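Asks: compute the structure for the input listed below.
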Amino acid sequence: MGDRHAALQHLSNGIQLLTSVAKSQVEIEKQEIKGLKPIFERLDMQASFFQDDRIPVLSLPDWNIHRGDYSAMVTEKGFATIQQAHESLVRLQSWFYRFVNKNVDLHEASTDLLGSAVLEEKAALVQGYTSWIDAFENFRLTENHDDQAMYGLKTLLVQFYICRMLLDSKFPADEKIFGVSPNPAAHQILDLAETLLDYTTKVNSSPNATQTPRRNFSLESGVVAPLFALALKCSDESVVTRAAEMLSLSQRREGLYDAQTMAQILAHLRRSRDGKMDAEISVNGGGIPMGALEYYIPRSYEGGGIDKLLAAMTI
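Replies: Coordinates of the predicted model:
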């Protein structure tokens, strides 16, 4: 958990093993490793969240050739288990990241500059996410769920909503998704994340929990990456402030994402933005709109994820 480069190398080795066994003629080996595939798919997706120019290795091949396989990602009926819902969402996320990276030069383009293939795949992705939330709601409403299960369901909703906002903001570019202020969609995600963090605090303070103050570690993606994305991309300053405070207080590490590190990045960007705005106001007077923090990322950063961003910011 402490060495991100080593973790990514272990993931790469595991995926190579998974691919090798999948090609094997030995059926026993295939069955033994079948249960590991969803785990590697989640870790593969985590790595792409962290390195934003990385295409998930385990994503399906070209959509135009394998449309049927993509359509089968989400059941038309409700999910049978929360694990099934999770696996389906991870595969949708993988498809989305592959789509974004494949068309990275077009994600801010207007509709008239996008080809029909891009627009058709975007529409298919939107339909995939719509089918997922319909199946999810059917499962949520038809089954009884205890507190722990509800925690898992709300975590999936946080991840669903942030990915849907990201998808809606691209191909063609729609600045209203993150640029609107106030931003009720972003606050909805923050409300969900807040209940999850409150639940964790409650569990940690129970008589059965360890009495030693500690951070919360998880191998799974949860709320840290979505909170960071909202704080980075939203123009609504109340969203930025709320998300940054939740990260700073959470003491969480989820996979490769460390909440304290994300909070440091946001604080650095806010200082940079506020300094530049003060300088502009002193020259031009007031009335200057407050932009999203992502516009104040150093020009030396050329993409590639959190590690490269930290290097560009000298944090």
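
Asks: residues making contact with the helix or strand containing Ile189?
Replies: Counting by DSSP states H and E, the element that carries Ile189 is helix 184-204. Helix 184-204 is touched from outside by 147, 151, 154-155, 157-158, 161-162, 165, 177-178, 209, 214, 216, 222-223, 226-227, 230, 234, 236, 238-239, 242-243, 246, 249-250, 252, with contacts defined as CB atoms under 8 Å, 6 or more residues apart in numbering. Glycine gets a C-beta too; all of them are placed from N, C-alpha and C.

Asks: show me the residues you listed that map onto helices.
Replies: Among those, the members falling in helices are 147, 151, 154-155, 157-158, 161-162, 165, 177-178, 226-227, 230, 238-239, 242-243, 246, 249-250 (criterion: DSSP state H).

Asks: from those residues, which would you call buried?
Replies: Neighbour counting with 16 or more other CB atoms under 10 Å marks 151, 154-155, 157-158, 161-162, 165, 177-178, 226-227, 230, 239, 242-243, 246, 250 as buried within the ones in helices among the contacts of helix 184-204.

Asks: would you mind listing the buried residues in stretch 118-135?
Replies: Applying a neighbour-count criterion of 16+ other CB under 10 Å, one finds Val118, Glu121, Lys122, Leu125, Gly128, Tyr129, Ser131, Trp132, Ile133, Ala135 buried in stretch 118-135.

Asks: give the helix, strand or coil label for the second one.
Replies: Put simply, Glu121 is helix when judged by DSSP: H, G, I helix; E, B strand; the rest coil.

Asks: Arg98 is in contact with that one, correct?
Replies: No. Contact criterion CB atoms under 8 Å: Glu121 and Arg98 do not qualify, at 9.9 Å.

Asks: what's the distance between the residue nearest to His66 when sequence neighbours are not counted and Asn138?
Replies: Spatially, and ignoring its direct neighbours in sequence, His66 is nearest to Leu60 (5.6 Å; CB to CB, 6 or more residues apart in numbering). Counting by CB to CB, to the nearest Å, the gap from Leu60 to Asn138 is 25 Å.

Asks: pLDDT of stretch 155-163, averaged?
Replies: Mean pLDDT, stretch 155-163: 96.

Asks: give me the contacts around it.
Replies: When contacts are defined by CB under 8 Å, 6+ apart, stretch 155-163 is touched by residues 82, 85-86, 89, 92-93, 96, 129, 132-133, 136, 185, 188-189, 192-193, 196, 220-223, 225-226, 229-230.

Asks: so who does Lys233 touch?
Replies: With contacts defined as CB under 8 Å, 6+ apart, the neighbours of Lys233 are Ser169, Phe178, Ala292, Leu293, Glu294.

Asks: burial count for the third one?
Replies: Pointing back at Ala292 there. Taking other CB atoms under 10 Å as the neighbour definition, Ala292 ends up with a count of 20.

Asks: same question, Lys202
Replies: Lys202: 11 surrounding residues under other CB under 10 Å.

Asks: and the pLDDT for it?
Replies: With respect to pLDDT, Lys202 has a value of 82.

Asks: any idea how far the spatially closest residue to Phe178 that is not a sequence neighbour is from Cys163?
Replies: The spatial neighbour of Phe178 that comes closest, neighbours along the chain excluded (CB to CB, 6+ apart), is Lys233 at 4.4 Å. As defined by CB to CB, Lys233 lies at a distance of 13 Å from Cys163.

Asks: least trustworthy helix or strand in this protein by mean pLDDT?
Replies: For the chain, scoring each helix and strand by mean pLDDT, DSSP states H and E identifies helix 27-34 as the least confident one, at a mean of 56.

Asks: ok, so what distance separates Leu36 from Asp44?
Replies: When Leu36 is compared with Asp44 (using CB to CB), they lie 12 Å apart.

Asks: who has more neighbours, those two?
Replies: Asp44 (25 against 13).

Asks: shouldn't the more buried one be in contact with Val57?
Replies: Yes. In this structure, Asp44 sits in contact with Val57. The criterion is CB under 8 Å, and the distance is 5.5 Å.

Asks: count of residues packed around Ala267?
Replies: 15.

Asks: repeat for Ile189
Replies: Ile189 sits with 25 neighbouring residues when counted by other CB under 10 Å.

Asks: leaving out chain neighbours, which residue sits closest to it?
Replies: Distances taken as CB to CB, 6+ apart place Tyr161 nearest to Ile189, at 4.9 Å, with adjacent residues excluded.

Asks: contacting residues around Met246?
Replies: If you count contacts by CB under 8 Å, 6+ apart, Met246 has them with Leu190, Ala193, Glu194, Leu197, Val223, Leu227.
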